[in-house]
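Enquirer: Mind folding the following:
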Amino acid sequence: MPVEVTGKITFLRVHDVGTKYGPDQLDIDAVIQLDHKTTLSYGFQLRTDSNQVARQGMLDLLRDAYANNWAVTVDYDIPSGKQNGIIIRVALIR
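Expert: Numbers count the residues shown, from 1 in each chain. Purely as a prediction, here's the structure:
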């Protein structure tokens, strides 16, 4: 079941496919942290697949939010045994 969190982005990173991220070694390519709890990270893959358009849209929203200091709401799942999340939805808050 997805979890929802809202906050302002304090960290935004995009890196090479397959390089993984963090102590959980999540296979994600775009990563954010929010101001509510900077020890947690959330992210998603940027791959050429059926989710490519939606994930590019999520990255565009996250970039806009970061550049304008807007709050975002992120829905995410936490893989079993991990503490960081995989983003499934992004919404801007003004």
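Enquirer: which residue ranges form the strands in the chain?
Expert: Ranges of strands within the chain are 3-14, 30-34, 42-44, 71-77, 85-93, based on DSSP state E.
Enquirer: helices and strands around the third one, which ones?
Expert: In this case it means strand 42-44. Counting contacts by 3 or more C-beta pairs under 8 Å, 6 or more residues apart in numbering; DSSP states H and E, strand 42-44 is packed against strand 30-34, strand 85-93. For every residue, glycine as well, the C-beta is placed using N, CA and C.
Enquirer: So for the last one, mean pLDDT?
Expert: Averaging pLDDT along strand 85-93 yields 94.
Enquirer: How far away from the center of its chain is that strand?
Expert: Its chain's C-alpha centre and that of strand 85-93 lie 6 Å apart, by C-alpha atoms, centre = their mean, to the nearest Å.
Enquirer: Find me whatever residue is spatially closest to residue 12, sequence neighbours aside.
Expert: Excluding the flanking residues, the one nearest residue 12 by C-beta to C-beta, 6 or more residues apart in numbering is residue 66, at 4.8 Å.
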